[in-house]
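Colleague: sequence first, predicted model second:
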Amino acid sequence: MQTTQARSVTEPRLTHPAADASPLAVTLVLGSNRHGRFGPVVADWLLDRMRDHDDLNPEVVDVAEADLPTTFEPSAEALAAQSSVTPKLAAADAFVVLTPEYNHSFPAGLKNLIDWHYTEWRAKPVALVSYGGLAGGLRAAEHLRQVFAELHAVTIRDTVSFHNAGTSFDEGRLKDPSGPDAAARVMLDQLVWWGRALREGRGVRPYPG
């Protein structure tokens, strides 16, 4: 009777590059350029939350200071405007976009800034923070999800929204920070997870398309 012996097969061990635990470069995009805007009040609160997060290194792009033309034609004016904006977007591992709600959507100035760029957004995560009246800017945030999906960016599921934002702050400080602080913590934790995962992915292989 002949017996067979199982062969010992040594499987090749997969090696993975060490995870990059360095802080993420995250750009906060302040999306309103309206006269008398409330955005800077919310942005200051949001920047404090981002600076408190050890895994984030924040930078700011303000739509009101970008002064990008709407013609999308290369020009000295456009190049000058891009020089103060594009490097901050290109260097970012992740984004936080702060938007008000104007007439059921987000501002034209924010759309213009988004449309002037493409690869800068691609394969990166975007967290959305909104403010407004009764709707809290959530309809603007939902429209932004569609826009960023077209640009191959990943929007974070959890958001922070301020309903009746003008009455939520007193001299620049939140009257009741408990809810927004907790929501921001969850959102930023998710942003860090996606930011690191996508940064590592882009480092392993180029994004297709």
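Modeller: Noted; the coordinates are in hand. Numbering: from 1, shown residues only.
Colleague: can we go C-alpha only for contacts and neighbour counts from here?
Modeller: Noted.
Colleague: report the beta-bridge partners for the residue most central in space within the chain.
Modeller: Here the mean C-alpha position of the chain is nearest to the C-alpha of F95 (CA atoms, centre = their mean), at a distance of 2.2 Å. Bridge pairing for F95 (DSSP bridges) gives the partners T27, V126.
Colleague: quick one, helices of the protein?
Modeller: 39-52, 63-66, 76-83, 86-90, 108-115, 138-150, 165-168, 178-204 (DSSP state H).
Colleague: got these as TSV, with distance to V29 and mean neighbour count columns?
Modeller: Formatted as TSV, the helices of the chain follow (distance: least, CA to CA, whole Å; neighbours: other CA atoms under 10 Å):
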stretch	distance to V29	mean neighbour count
helix 39-52	9	17
helix 63-66	7	18
helix 76-83	14	14
helix 86-90	9	17
helix 108-115	9	18
helix 138-150	13	18
helix 165-168	18	15
helix 178-204	15	17
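Colleague: out of these, nearest to P125?
Modeller: With respect to P125, and counting by CA to CA, the nearest of those is helix 178-204 at 5.9 Å.
Colleague: quick check: buried residues in stretch 158-178?
Modeller: 158-163, 165, 169, 174 (16 or more other CA atoms under 10 Å).
Colleague: looking at these, which one is closest to P208?
Modeller: D158 (26.7 Å).
Colleague: in this structure, what helix or strand scores lowest on average pLDDT?
Modeller: helix 76-83 (a mean of 90; mean pLDDT, DSSP states H and E).
Colleague: need the contact partners of that one.
Modeller: Identification of contacts with helix 76-83 by CA atoms under 8 Å, 6 or more residues apart in numbering yields 66-69.
Colleague: if we use 10 Å, what do you get?
Modeller: 65-73, 75, 85-86, 88, 113, 116-117 (CA atoms under 10 Å, 6 or more residues apart in numbering).
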